[in-house]
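1. need the 3D shape of this:
(chains A, B and C)
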Amino acid sequence: MGTSVFYFVATLSVIFSLMVIFSKNPVHSVLYLIVTFFTFTVHYILLNAQFLAVVNFIVYMGAIMVLFLFVLMLLNLNKDNEPLKSTLVKVVGVIAGCCLVVTLVGTLKATAISDPVILRNPNLGLVKNLGKELFGPFMLPFELCSILLLSAMVGAILLTKKEKV
Amino acid sequence: MEPLTSKKKVLEQKPLSFAERMYLPAIFKGMAITISHFFKKEATIRYPEVQREFSTNFRGMHSLKRDEEGKERCTACGLCALSCPAEAITMIAAERKPEEIDLYREEKYASVYEINMLRCIFCGLCEEACPKEAIYLDGPIVPSDYLRKDFIYGKDKLVEQPLNKK
Amino acid sequence: MDIAFVIEKFVLVAIIFGISLVIAMYSTYAERKVAAFLQDRLGPDRAGPFGILQPLADGVKMFMKEEIVPSNASKWLFMVGPGLAMLTACIGTAVIPWGSPIAIGDRIIPLQVADINVGLLYIFGVVSLGVYGVMIGGWASNNKYSLLSAIRAASQNISYEIAMGLSIIALLLVTGTMSLKEIVDGQHGWRWNVLYQPLGFLLFMICSFAETNRAPFDLPECETELIGGYHTEYSSMKLGFYLFAEYINMFVSAAVMATLYFGGYNYPGMDWVLANTGPVIGPLIGTGVFFIKIFAFIFFFMWVRWTIPRFRYDQLMHLGWKVLIPLAIANIVVTGVVIAVIEGF
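-> The predicted structure follows:
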């Protein structure tokens, strides 16, 4: 039961992520990306990580993708005003894509060799346990992450107010 | 410009105080006002079932009157048509036959009497002009209709019902 | 046993779905009646006694109308929009505890579809998803007014979600759990959360007005500026879905407010009532109390709508970012300090 659901959802995520790349309309792309994120949420639930699932749901689907959509809807992405891509750009793109594939294959091979990570506590994903982990052993990295985010936020605000400073 | 009257009052626009900028007191005040209206009696009159009384000097649809014996009062003198500023009234006069003495009071009567309700402005001048007290604008509001020809009201619609039929 | 569980949940889902649809239907009627009474009018009174059949007449009208799809609209997304709005409005009801469990024989039936331990976050996620119906519909119509209002809706929802989330965090400090069931059980009798979190409740309520796109925050659909907002191009039952979704949203957020801050199905003297009535009647009385609270909130929503004029867009953003969010943060700090002092660090 569990594995078949996993394979079904996994197939869906692969299909929708391909759709993200192949759809011509950028807004459709973003919508497919949202569906892909939704399948990720289902994956998290299957892994019994309810908190992570809901946070993925709220932050990625509910906030970040809305902003993506927001920007794309305001841009006029018609074919006639899309800048022509020179051959050089295309060649560079192909090389970059090949590099990415090589890296991905490399990492996949590496994971195949290493031992599968065994979750000692299946309820780790629940809020209580996750909170104890985050604010116990992983206190410092967690707080550092928040400081990183805060500085990014301040930086973004500074960029918009450049002329006044 | 010089003010024409001494009633002009310059309002001072002060910046809002902190209490006012909280907005909440003002919102509660507004909500108290609306909820007080919730319990007030509604001003609506359920029109087709309940009708408001017209004022005494209301001028509605015309009616051609009869006298005490049920005879039509109109003698087709044409003064109403003459006085009508909108030229809404037309009539054709006819001579009364001896057997029609119960129907018409005068020897001359209007065989055709038409008012175009699209032209009529309900000024009441016909009423004023009539020497025989035959026309009064004491009816209800003229109803709407689809075709222009249906707004030309003939005697069938204008003449008052005979006394015994009331 | 397993089959019985599935049937039980299925019946519960069907009942809740039906109830929320009926309540949304009659909210449209109630809205018109309340508006009329607040303005010294009568309201709809022609269809049936007191106009009680008016929602049915409206529904029939919506179905009978011609369905128009603008020629340059994105057809699929144009259809998906209202469906999504309806879906996101409906699935919020899944985690709300409607009453204390009913015992039939030795079987205990919880009056809640799913008691997940992140129920509060689930509600929050569903609410944040609600903006997609508006955005997709607004964009797919290929109309500038619709697009503008979709953008407005998105920015409004994102802005007010932050303040809403922060006000919920203060509530979490008090309750110590994210499961709605446990939050409600923690408010037994008179110990309602609104007594501990009055400011949090106020913030949450203002934000839920904004999240449901209700007046005074109904900028996405303001008739005077944007014709009809995101549903300018919609007709027939698609428009009906959008209007309907708004009322379901209102019902759900009223239920959430009653659950989080007004004790859900708890009421003073409930222990006595539970002890003196049966194992079925007692919980159902609690459910009735819960629905009375929900109706009170729905009435409040309407009362506010017919009292306060609409905010201007810059005022809206000012209120959201410069007033509500600092207040919410201050509320969190004060709550945290007080809890720390009481529990003696």
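
2. in chain B, where's the longest strand?
-> strand B:108-116 (DSSP state E).

3. could you say what helices and strands that one packs with?
-> Identification of packing neighbours for strand B:108-116 by 3 or more CB pairs under 8 Å, 6 or more residues apart in numbering or on different chains; DSSP states H and E yields strand B:89-95, strand B:152-153, helix B:155-158. Every C-beta, even on glycine, is put in place using the N, C-alpha and C of the backbone.

4. dump the ones you listed to JSON lines, plus mean pLDDT, mean neighbour count and distance to residue C:265.
-> Formatted as JSON lines, the helices and strands packed on strand B:108-116 follow (pLDDT from 0 to 100; neighbours: other CB atoms under 10 Å in any protein chain shown; distance: least, CB to CB, whole Å):
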{"stretch": "strand B:89-95", "mean pLDDT": "92", "mean neighbour count": "15", "distance to residue C:265": "75"}
{"stretch": "strand B:152-153", "mean pLDDT": "92", "mean neighbour count": "17", "distance to residue C:265": "68"}
{"stretch": "helix B:155-158", "mean pLDDT": "89", "mean neighbour count": "14", "distance to residue C:265": "67"}
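
5. same list, those, but as CSV with distance to residue C:29 please.
-> Formatted as CSV, the helices and strands packed on strand B:108-116 follow (distance: least, CB to CB, whole Å):
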stretch, distance to residue C:29
strand B:89-95, 50
strand B:152-153, 42
helix B:155-158, 41
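
6. how about low-confidence regions in chain A?
-> Counting by pLDDT under 70, chain A has low-confidence residues at A:1-2, A:76-84, A:112-125, A:162-165.

7. residues in it within reach of chain C, list them.
-> A:25, A:27-28, A:31, A:34, A:50-51, A:54-55, A:57-58, A:61-63, A:66-67, A:69-70, A:73-74, A:126-128 (CB under 8 Å from any CB of the partner chain).

8. show me which of those are buried.
-> Among these, the ones that count as buried by 16 or more other CB atoms under 10 Å in any protein chain shown are A:27-28, A:31, A:34, A:50-51, A:54-55, A:57-58, A:61-63, A:66, A:69-70, A:73, A:126-127.

9. narrow those to those in strands?
-> Among those, DSSP E puts none in strands.

10. a helix runs through residue B:33, doesn't it?
-> Yes. The assignment for residue B:33 is a helix, going by DSSP: H, G, I helix; E, B strand; the rest coil.

11. list the contacts of it.
-> Taking CB atoms under 8 Å, 6 or more residues apart in numbering or on different chains as the contact definition, residue B:33 lies against residue C:307.

12. what separation is there between it and residue B:19?
-> 19 Å (CB to CB, to the nearest Å).

13. which residues touch residue 55?
-> Since you didn't name a chain, this refers to chain A. Neighbouring residues of residue A:55 by CB under 8 Å, 6+ apart: residue C:121.

14. please refer instead to chain C.
-> C:25-26, C:28-29.

15. I'd like the distance between the closest residue in space to it that isn't next to it in sequence and residue C:293.
-> Closest residue to residue C:55 apart from its sequence neighbours, by CB to CB, 6 or more residues apart in numbering or on different chains: residue C:25 at 4.3 Å. Separation of residue C:25 from residue C:293 (CB to CB) stands at 20 Å.

16. more neighbours: which of the two?
-> More crowded of residue C:25 and residue C:293, by other CB atoms under 10 Å in any protein chain shown: residue C:293, with 22 against 18.

17. from what I see, the more buried one and residue C:262 are in contact.
-> Yes. Residue C:293 is in contact with residue C:262 according to CB atoms under 8 Å; the separation is 5.3 Å.

18. biggest helix in the chain by residues?
-> All of this refers to chain A. Ranked by residue count and defined by DSSP state H, the top helix of chain A is helix A:87-113.

19. hmm, I had chain C in mind actually
-> Max-length helix for chain C by DSSP H is helix C:2-38.

20. near chain B, which residues of the stretch 201-345 of chain C are found?
-> C:303-304, C:306-308.

21. for those, which one is nearest chain B?
-> residue C:307 (4.5 Å; CB to the nearest CB).

22. the closest one in helix, strand or coil?
-> Residue C:307 ends up coil, using three-state DSSP.

23. just send the contacts of residue C:55 back as CSV, with pLDDT and distance to residue C:247 too.
-> What follows is the contacts of residue C:55, written out as CSV (pLDDT from 0 to 100; distance: CB to CB, whole Å):
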residue, pLDDT, distance to residue C:247
C:25, 88, 8
C:26, 89, 9
C:28, 88, 6
C:29, 90, 10
